[in-house]
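> predicted coordinates and the sequence they were generated for:
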Amino acid sequence: MTPLVALLLPIALLLAPPASSASASASASPPRGASSSSSSSRPPERALAASPSSGRRASREKEERYEILPSDAILERMRDLVANHPDYVTLTTTQEWFGLPRAGGEDDCPFDATYEGESGPGCNNYVLIVQDKQAYPDDSDVRLDANAEQYLAREGGWFGEGEEGGSTGAGRSGWTRVPDVFLSGSVHGNERVGPTSLLEMAELLVAAAHCEGLPRSALRPSNGATAASNETAAAGDDHVEMEVVGDSAWEDEVAAARSCRSHLSENLGLPPAHRRWLARLVSTRRTVIIPTANALGYSRDKREEGHIDPNRDFPFDIPPSKDDTCMQTIAGRSINELFRSHLFPIGLTFHGGMEVIGYEWGAPTYLSNEAPDARAQDAIAGAYSRYAGGFEGHQAYDYGTMNDKVYYVRGGMEDWAFAGSWDPDRVVSCNPDTFGGYPRNKTVYNNATLRAFNMLVETSDPKAPGRGELGKRTGKPLHAGGGGENGHIARNIRLALLAMDVVEPYLSIRSAGGLVLEEDIVPGVNPRRHNGNSYFENSMMVWVPGMGIGRRKMKESGVTITWTVAGAFEIDETELVYGPWEALPAGNLADAVDGAYPSAQTLQVIADPDSFQLIRPSLSAGRSRWHEKGAQPSSGTSEDGFDDAVFQATVDPSRYPPGTTLAVFARARVDKSWLDPVSPNDVAPRGLGPVSHVVNARRNPDYLAMNEGKEIRGREDNWWYSAPITLVAGSDAGVDGEEYVLREARANSAPILMSADGNQVLAVHVNSRMGYLPEATETLSHPSKRGGVPISQSIPWLLGSLVVFFSIALLVVHRRRRARYGARSRLDDLNLEDEDVAGGSFGPPYRDDPASGAIEIT
């Protein structure tokens, strides 16, 4: 950059027009199952808000305690949840979805008449789906929503278009790779803890996602500031004069965000870290909840559906001659249809009558055997037990195989969901005669459908424990052990959340240059496409004022990045990779067709040492907080109760010209030990290796399982990647450019990290939603506007280019000299011949003399 350009750039930035923002979309009509009427059975956050601040303490204590809900109250709460949070919840029935009959008669489940969808004699089997419809509008389950077309029309219909603009429906949003989670509340109708636990969990999830999704960036004023920012600017030490237009919609969004988050923290015991964790689980998973799978039994408070036990109704390890004894119940068929239409790596089924967590095997054929992938199952079950915890009179859950800890059964759901796709000798094709029969092909499975860790949770010794033992929704509900407010419902809320967490690993970059980052996952935002932008604009951008620190000091200290690895147990290795954004594929880091992240092209660039640098932390292996030995390297238990494994490494932006935009990724390999059986000689069936989706996705790079549009794939070289952050060090406009960014940051109250003495800005989050810097975000080194060649590479390249240039020049001069010498030699020969014929009719002798009019031969 020339000195003139460097001088004029800050002026140009001041005069630049404000960045435009997308207008807010029109509000959608309620989805199917939503209720327009108020509900007396409110979600916990609204119920607490309605409680008096003073008055009868006993009444408030009762409101804070969980209670086991009957069927009609569960439906009312689900309808209320959909009405309040339609972007995150869908309510349907297996009767509407799959055309199944209803169990029961005219006198059963009369409350179903309040449901807005189809109903009739008997009981509906309700399904509650928790997912981020705005981020993944092309998801197949979103099509169940009455407003499916409005979701798909987001971003100008981009999610429904193919690579060249044609409609494909191939999953451009990446929904095909979002993991599914299955949660069943009550297969036995008189075992009552599960349904309420799952409903309370769903309410917490969507409340957190709603809060974390505010303020919505689409409502941000065009210049990214508010009237309050104008006052801040005018009162600032630098007297920045910025034209700021107040926007009531944006101010309302910011106020709602602060109020909502304050309520979750103060009334429900959800500090920011817990809120962000719950929001991540909503936005990065598709959770299918069937709260009362045995709807008839639950409404009657009876174990069976009619006279049949649904947990003996699955086609696994039953004699082929008894093919008419499976899929007799609507409960069994409902679960079967959900598995046939999804791809579940993990699941839970809640029961009662004892307190234990059971995993495979539970079938009599394998009574004395260990199941494949038993090490992984044992690790996950142990984490369930520890996180659920115990309370007065109740220990943490015991855990082990169902054959050892519970009892074996034929036709059990857990073994069927785990092995139905890879142990065909144990599976039969059902031919029941109940409810008019059920097609045989419904129990013929492909190689992918049934490979889930679907564990049994026996929640409590009494099948319907008293309210005093259920726990409270206040206090510290997501702390291990419940923070003193534990109980049967409280601990199973946490247990179900843990299942959602460990369905697949993930990484999150926590800080850059000491500045804590809090917007890794934002509900409603798909980084592949949001507000017309993709990964570069939608990643967190951190600016480090390199010139203010000093080039030499920056080179010595670098920028420290911290990150966490979660959703796993053993962290085998982890590291950072970073390089210039302009080296990455233009437009999107995900696959253009199916949304896979990172795309093959992105991985190819990252693997190129000439484009990206690799930095390993001093401690590059460890354990997650779910490990039985705790997190390592430990961050130390914080006020939020999370003791995460936090890694750190230092990147060196001084390798690049000032102002270069760098993409920083964290990556990890995890859970390698899960490949090793606990007792190799006891495994049955033998010789199979890993069979589950959970283990294969982590450790088999060639793994591919597909069902109904969903895919579970192994990762290239078993690496799992974080979302990128953008790091910008210094400015190519020099000190003046940096000063302008700092002024805008102060004017807009952006997240800033100051030095200990308060005299120096160390880092700025320039595109934070609550303190957005439109000019800095627009002009701070967009990859298309900045060079990305490291200084260490550009100098040798320049020197090499000069050497080549001078070599070519010398070669040209040398050839010209040789040509001239040859021409002169030939002329000398001609002159000798002319002397032989001098005085003849050929005229005067030839002279190489321009002055005489002759041509100089060169």
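Received, thanks.
> where does the stretch 251-400 of the chain have low pLDDT?
Residues of the stretch 251-400 of the chain meeting the criterion pLDDT under 70: none.
> can you pull out the helices in it?
Under the criterion DSSP state H, counting those that start in this stretch, the stretch 251-400 of the chain carries helices at the ranges 272-283, 295-300, 330-340, 374-388.
> elements contacting the last one?
Other helices and strands packing on helix 374-388, by 3 or more Cβ pairs under 8 Å, 6 or more residues apart in numbering; DSSP states H and E, are strand 356-359, strand 398-401, strand 453-458, helix 488-502, helix 693-699. The way it works is simple: take the backbone N, C-alpha and C, and place the C-beta from them, glycine included.
> any chance of the ones you listed in CSV, plus mean neighbour count and distance to residue 207?
CSV is the format used below for the helices and strands packed on helix 374-388 (neighbours: other Cβ atoms under 10 Å; distance: least, Cβ to Cβ, whole Å):
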stretch, mean neighbour count, distance to residue 207
strand 356-359, 25, 27
strand 398-401, 19, 30
strand 453-458, 25, 24
helix 488-502, 26, 13
helix 693-699, 24, 28
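> residue 78: which of the ones you listed is closest?
Closest to residue 78 of the helices and strands packed on helix 374-388 is helix 488-502 (Cβ to Cβ; 15.9 Å).
> need the CA coordinates for that closest one. CSV is fine.
Below are the C-alpha coordinates for helix 488-502, written out as CSV (Å, rounded to 0.1, in the frame of the first residue of the first chain):
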residue,chain,number,x,y,z
HIS,A,488,-35.8,-38.2,40.2
ILE,A,489,-37.0,-35.7,37.5
ALA,A,490,-34.1,-33.2,38.0
ARG,A,491,-31.4,-35.8,37.5
ASN,A,492,-33.1,-37.4,34.5
ILE,A,493,-33.3,-34.0,32.8
ARG,A,494,-29.5,-33.8,33.0
LEU,A,495,-29.1,-37.4,31.9
ALA,A,496,-31.1,-36.8,28.7
LEU,A,497,-29.2,-33.6,28.0
LEU,A,498,-25.9,-35.6,28.3
ALA,A,499,-27.2,-38.1,25.7
MET,A,500,-27.8,-35.2,23.3
ASP,A,501,-24.3,-33.9,24.0
VAL,A,502,-22.3,-37.1,23.4
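> could I get the average pLDDT for that helix?
Here helix 488-502 scores 98 as its mean pLDDT.
> select, out of the helices and strands packed on helix 374-388, the one closest to residue 329.
With Cβ to Cβ as the measure, strand 453-458 is the member of the helices and strands packed on helix 374-388 nearest residue 329 (17.4 Å).
> other SSEs contacting the closest one?
So strand 453-458, by 3+ Cβ pairs under 8 Å, 6+ apart, packs with strand 346-351, strand 356-359, helix 374-388, helix 413-419.
> including distance to residue 77, could those go into TSV?
Listed next are the helices and strands packed on strand 453-458 as TSV, based on distance: least, Cβ to Cβ, whole Å:
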stretch	distance to residue 77
strand 346-351	17
strand 356-359	26
helix 374-388	23
helix 413-419	25
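> any idea which of those is most buried?
The highest mean neighbour count among the helices and strands packed on strand 453-458, using mean count of other Cβ atoms under 10 Å, belongs to helix 413-419: a mean of 28.
> cool, thanks, signing off.
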